[in-house]
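A.B. asks: Could you look at this predicted model? Sequence included:
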Amino acid sequence: MVVWTDFERATIQDIFSKIDYGVVGQAAISRCLIVYPWTQRYFGSFGNLYNAAAITSNPKVAAHGKVVMEGLEKAVKNLENIKATFAELSTLHSEKLQVDPDNFKLLGDCLTIVVAAQLGKNFTPEVHAAFQKFLAVVVSSLRRQYY
C-alpha cells in the first residue's frame, strides 16, 4: 500500500485540476509516438503515423490521449487503491493488446515533460517528486498483470 502525504495528495489533485486533458493527453501520446517510434506498432488502426506532423494532427491520437488522461483521473480519485482501479486495464494491456510494459514508463516520462511545460515555474522539484511518485504507482499498477 502506498502512503500519500497531505502535500502529495493535494499536489496531484491540483495538477489534474489545472490541465486540459485533451491538450495534455494528445501532446503526451504524440511525444511518445514520435520519440519512441516502436510504440507506434500498437496503434496500427490509427492511420497515418508516418511523421511528427501526421501524429500531432491525428484525431485518433488526440482521442486516445484524452482516454489516457481520463484513466489517470480515475487514479487521482482512487489514490488509496490505484492497483484495483487499474486491474482490468492491466489485464487488457497484457493479455489482449500485448503492450510491452516498459512503454507505460515511457509514456509517463512524456507526460511529465508535457505537464512540466504546462505548469511552468509552478512545476517545482517538490511538485515533480509528487507527480513522479503518482506515475510510478500508476505504472506499477498497469504492470501488475504481467507478473
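C.D. replies: Received the coordinates, thanks.

A.B. asks: Show me the helices in this protein, by range?
C.D. replies: Under the criterion DSSP state H, the chain contains helices at 6-18, 21-35, 52-56, 59-77, 82-85, 87-91, 102-119, 125-143.

A.B. asks: Residue 44 is nearest to which of those?
C.D. replies: Residue 44 lies closest to helix 59-77 among those, at 10.8 Å (CB to CB). Heads up, the C-betas are built off the backbone N, CA and C, glycines and all.

A.B. asks: lowest-confidence helix or strand of this structure?
C.D. replies: helix 87-91 (a mean of 67; mean pLDDT, DSSP states H and E).

A.B. asks: one step back: would you tell me which one of the helices of the chain is buried the most?
C.D. replies: Stretch with highest mean neighbour count among those: helix 21-35 (a mean of 21; mean count of other CB atoms under 10 Å).

A.B. asks: Just want to check the distance between the residue positioned nearest the centre of the chain and residue 76.
C.D. replies: For the chain, residue 108 is the residue whose C-alpha lies nearest the centre (CA atoms, centre = their mean; 4.9 Å). Using CB to CB, to the nearest Å, we find residue 108 at a distance of 14 Å from residue 76.

A.B. asks: do the same with residue 62
C.D. replies: As judged by CB to CB, residue 62 and residue 76 stand 21 Å apart.

A.B. asks: could the helices of the chain go into TSV alongside distance to residue 45?
C.D. replies: Shown next, in TSV, are the helices of the chain (distance: least, CB to CB, whole Å):
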stretch	distance to residue 45
helix 6-18	28
helix 21-35	14
helix 52-56	14
helix 59-77	7
helix 82-85	26
helix 87-91	19
helix 102-119	17
helix 125-143	21
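
A.B. asks: which of those helices has the lowest average pLDDT?
C.D. replies: Among those, helix 87-91 carries the lowest mean pLDDT, at a mean of 67.

A.B. asks: follow-up on the earlier one: looking at the helices of the chain, spot the one closest to residue 46.
C.D. replies: If you check each of these against residue 46 by CB to CB, helix 59-77 wins as the nearest, at 4.2 Å.

A.B. asks: quick one: the closest one to chain centroid distance?
C.D. replies: Relative to the centre of its chain, helix 59-77 is centred 8 Å away, using CA atoms, centre = their mean, to the nearest Å.
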